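Undergrad: quick check, what structure comes out for this input:
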Amino acid sequence: MANSLSLTATSTNAGIFECPVCRQTIDASSTQCRFCSAVIDPAVAAAATEKMARVNQACSDASFLRTMAISFFAFLGIMFIPFVGGAGYYGMLFLTFAIPFMSVRWWIKFHDLRPDDREFNRGKSAVILISALSLIPMIWFFGHLL
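TA: Sure thing, here's the model as predicted:
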């Protein structure tokens, strides 16, 4: 059973990682790289597979957070359409709290990752921007309550 929400089943044996010699992506169960024929240590393969899985999850979560941020503006636009404006208001209100929550969750789960992966760095930049921008609606909302 998977330890996180996922649409696909995962096996504890399955996984991929980059060969430490040639940097090609190979199967974690391999004992030898199929590209450069380097011998693969199973312990190193397991650690690299785990790290790659965490990096992939971080990229996926950052993409989801980006989609939530775009949806916030879609709900903002829906607020001005007659008869469905309430749905836009409540969607925007929900995302006002969900986006900062998901941003904090992302930072807690993936703060210690330091890969040299371009996609991860792009996702991290998006999370930084979204984290900073998500403070604006929160300040606006709580400013109206006081």
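
Undergrad: for the lengthiest helix in the chain, name the packing helices and strands.
TA: Ranked by number of residues, the top helix in the chain under DSSP state H is helix 42-78. Applying 3 or more Cβ pairs under 8 Å, 6 or more residues apart in numbering; DSSP states H and E, we find helix 42-78 packed against strand 16-18, helix 85-110, helix 118-133. Backbone N, C-alpha and C define where each C-beta goes, glycine included.

Undergrad: tell me the most buried of these?
TA: Among the helices and strands packed on helix 42-78, strand 16-18 has the highest mean neighbour count (mean count of other Cβ atoms under 10 Å), at a mean of 18.

Undergrad: mind checking what helix or strand follows that one in sequence?
TA: strand 25-27 (DSSP states H and E).

Undergrad: what's the local residue count around Phe75?
TA: If you count neighbours by other Cβ atoms under 10 Å, Phe75 ends up with 19.

Undergrad: isn't it right up against Gly88?
TA: Yes. Between Phe75 and Gly88 a contact is recorded at 4.7 Å, counting by Cβ atoms under 8 Å.

Undergrad: out of the helices and strands packed on helix 42-78, nearest to Cys59?
TA: Evaluated over these, closeness to Cys59 peaks at helix 118-133, with 4.8 Å, by Cβ to Cβ.
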